[in-house]
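K.L.:
Got a sequence here, can you model it:
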Amino acid sequence: MAIGKKPKRLFVAATRQDQGKTTISLGLLAAFEELAPPVGFIKPVGQRYVEVDGVRLDEDVALMRAVFKPDVGLADMSPVTVGRSFTRDYILKPNREALVDRVRGAFERVAEGKNVVVIEGTGHAGVGSCFDMSNAEVARLLGAKVIIVTEGGIGGPIDEVMLNAGVFHEQGVEILGVVLNKVRPEKLDSVATFVEEGLVRKGIALLGVIPHEDVLANPTMRQILDEVGGDLLNGEGYLGNEIETVIVGAMTAHRALDYIYHNSLLITPGDRDDLVLAAMSSYAVGDDKANFVAGILLTGGVRPHENIVRLLRRTNIPVILVKGDSYSIAAAVHTLKIKIQPSDTRKIIMARRLVKRFVNVQKILDTL
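P.N.:
As a prediction, this is how the structure comes out:
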């Protein structure tokens with residue numbers, strides 16, 4: 001990049017949480033690395049954070065750091081993380097200029113020498129307004145143009161896009177277009193036709209339509225352990241197992257065998273030795289010792305008999321002992337927010353492939 005030349009700046013926004021911003025950002029970074037390297041990444045404001053090398057940073061930044069290994073400091077990629085009392089403290093003692101300086105300084109360091117910088121937002125356009133750093137305000141502050149990610153459908157997505165577009169327009173931020181995500185594959189062409197026509201009437205381009213992929217929607221046992229907690233009794237090396245179905249063990253072992261499918265998660269009280277043995281039997285008789293059960297959650301804080309534990313340790317099944325009852329744990333699993341983790345190699349490859357195939361990346365670069 002020529003000295004003094006400003007990098008292209010793309011802000012990836014969404015109509016609300018869990019629309020696939022991180023998946024799209026990851027795929028765009030990979031595509032831009034091929035078409036216009038070098039590329040930078042920053043998430044100016046983060047709400048879900050982890051600690052890496054003593055630095056608190058947004059979990060999406062941890063993912064991008066692990067995948068792309070950028071040559072910038074961790075703190076610069078995640079300058080503002082919203083902790084438990086952050087908003088209350090700010091409302092009592094606001095200091096917007098300090099946040100502006102922190103974000104702007106971090107961005108300048110991330111952007112140095114880059115041709116393109118991807119800026120990932122947090123939630124909808126107005127998130128962060130309570131501490132004067134909404135997504136729309138941050139996009140304006142950094143001089144970025146915006147794409148909006150929304151979920152599959154026709155009327156609802158268009159309505160939500162226009163609601164968010166109004167917030168960006170109020171800040172004078174240009175919207176490049178929309179990426180429609182998680183569309184049912186059998187309706188891909190139909191939805192694309194109607195949404196494109198509907199958005200064109202509003203002066204907004206449709207830049208991509210991405211089909212729903214179960215791989216990206218399925219949690220892994222590692223995510224279950226991280227989110228639900230508990231003690232890992234077995235299967236540490238197999239926490240990457242993906243969960244496709246959840247079975248709550250409230251039936252006889254004989255009946256349970258009819259419901260134990262490939263990549264299923266069994267949730268059952270720790271004293272239901274019969275169900276645990278049934279899950280192990282499906283493992284034992286599987287083709288080539290295939291692990292038909294992705295994992296087992298033993299509830300109620302009840303540790304199985306030591307003989308059962310010894311049998312479990314002869315398998316590769318991840319087994320986690322948790323304190324809650326089966327139904328509350330099942331509810332917690334059902335409401336998990338599925339995020340791509342650095343160890344989710346299959347999901348990372350899928351994200352790259354989907355964006356490259358279904359998003360008009362070259363058009364985005366050209367319009368930047």
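
K.L.:
can we go C-alpha only for contacts and neighbour counts from here?
P.N.:
Will do.

K.L.:
Name the SS class of residue 302, please.
P.N.:
Put simply, residue 302 is coil when judged by DSSP: H, G, I helix; E, B strand; the rest coil.

K.L.:
mind listing what it touches?
P.N.:
Listed by Cα atoms under 8 Å, 6 or more residues apart in numbering, the contact partners of residue 302 are 269-271, 321, 323.

K.L.:
Let me know the closest of the residues you listed to residue 158.
P.N.:
Distance to residue 158, by Cα to Cα, is smallest for residue 323 among the contacts of residue 302, at 43.3 Å.

K.L.:
Make sure the closest one is actually in contact with residue 230.
P.N.:
Yes: using Cα atoms under 8 Å, residue 323 is in contact with residue 230, at 7.2 Å.

K.L.:
mind giving me the domain ranges of this structure?
P.N.:
8-216+341-367, 219-334 (automatic domain parsing).

K.L.:
Could you save those as TSV and add columns showing mean pLDDT?
P.N.:
Formatted as TSV, these follow (pLDDT from 0 to 100):
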stretch	mean pLDDT
domain 8-216+341-367	93
domain 219-334	82
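
K.L.:
Show the contacting residues for the nearest residue to residue 144 once chain neighbours are set aside.
P.N.:
Nearest residue to residue 144, sequence neighbours excluded (Cα to Cα, 6 or more residues apart in numbering): residue 9, at 4.7 Å. Listed by Cα under 8 Å, 6+ apart, the contact set of residue 9 reads 116-119, 142-145, 368.

K.L.:
any idea which strand is longest in the chain?
P.N.:
When the chain is parsed with DSSP state E, its longest strand is strand 175-183.

K.L.:
Relative to that one, what are the paired strands and their orientations?
P.N.:
Counting by DSSP bridges, the strands paired with strand 175-183 are strand 145-151 (parallel), strand 206-211 (parallel).

K.L.:
ok, back up a step: buried only: go through the contacts of residue 9 for me.
P.N.:
Buried members of those, counted by 16 or more other Cα atoms under 10 Å: 116-119, 142-145.

K.L.:
Just flag the most distant two among the contacts of residue 302.
P.N.:
Greatest spatial distance among the contacts of residue 302 (Cα to Cα): 271 and 323, at 12.7 Å.

K.L.:
Out of the buried ones among the contacts of residue 9, the closest to residue 97 would be?
P.N.:
Using Cα to Cα, those come closest to residue 97 at residue 142, 14.2 Å.

K.L.:
thinking the closest one is in contact with residue 106, fair?
P.N.:
No: using Cα under 8 Å, residue 142 is not in contact with residue 106, being 10.6 Å away.

K.L.:
Contacts only, for residue 36.
P.N.:
115-116.

K.L.:
cutoff 10 Å now
P.N.:
1, 8, 29, 114-116, 362, 365 (Cα atoms under 10 Å, 6 or more residues apart in numbering).

K.L.:
measure it to residue 30 for me?
P.N.:
In this view, residue 36 and residue 30 are 10 Å apart by Cα to Cα, to the nearest Å.

K.L.:
what ranges do the strands span in the stretch 151-300 of the chain?
P.N.:
175-183, 206-211, 231-234, 245-248, 264-269, 293-299 (DSSP state E, counting those that start in this stretch).

K.L.:
CA atoms of the third one as CSV?
P.N.:
These are the backbone C-alpha positions of strand 231-234, laid out as CSV (Å, rounded to 0.1, in the frame of the first residue of the first chain):
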residue,chain,number,x,y,z
ASP,A,231,-16.7,-31.4,35.7
LEU,A,232,-15.3,-33.3,32.7
LEU,A,233,-15.2,-37.0,33.5
ASN,A,234,-14.1,-38.3,30.2
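
K.L.:
Let's verify residue 125: helix, strand, or coil?
P.N.:
The assignment at residue 125 comes out as coil when based on three-state DSSP.

K.L.:
That one contacts residue 140, doesn't it?
P.N.:
No: counting by Cα atoms under 10 Å, residue 125 stays clear of residue 140, with 11.7 Å between them.

K.L.:
So those two - more neighbours on which side?
P.N.:
A direct count of neighbours by other Cα atoms under 10 Å for residue 125 and residue 140 places residue 125 higher, at 26 against 19.

K.L.:
Can you tell me the closest non-neighbouring residue to that one?
P.N.:
Distances taken as Cα to Cα, 6+ apart place residue 135 nearest to residue 125, at 5.0 Å, with adjacent residues excluded.

K.L.:
tell me the contacts of that neighbour?
P.N.:
Residues near residue 135 by Cα under 10 Å, 6+ apart: 11-14, 44-45, 120-129, 141, 167-168.

K.L.:
Which of those residues fall in helices?
P.N.:
Using DSSP state H to define helices, the subset of the contacts of residue 135 located there is 141, 167-168.

K.L.:
Mark which of these are buried, thanks.
P.N.:
For those, buried by 16+ other Cα under 10 Å: 167-168.

K.L.:
can I get the ones in helices among the contacts of residue 135 in a markdown table with distance to residue 25?
P.N.:
Converted to a markdown table, the ones in helices among the contacts of residue 135 look like this (distance: Cα to Cα, whole Å):
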| residue | distance to residue 25 |
| --- | --- |
| 141 | 20 |
| 167 | 21 |
| 168 | 19 |
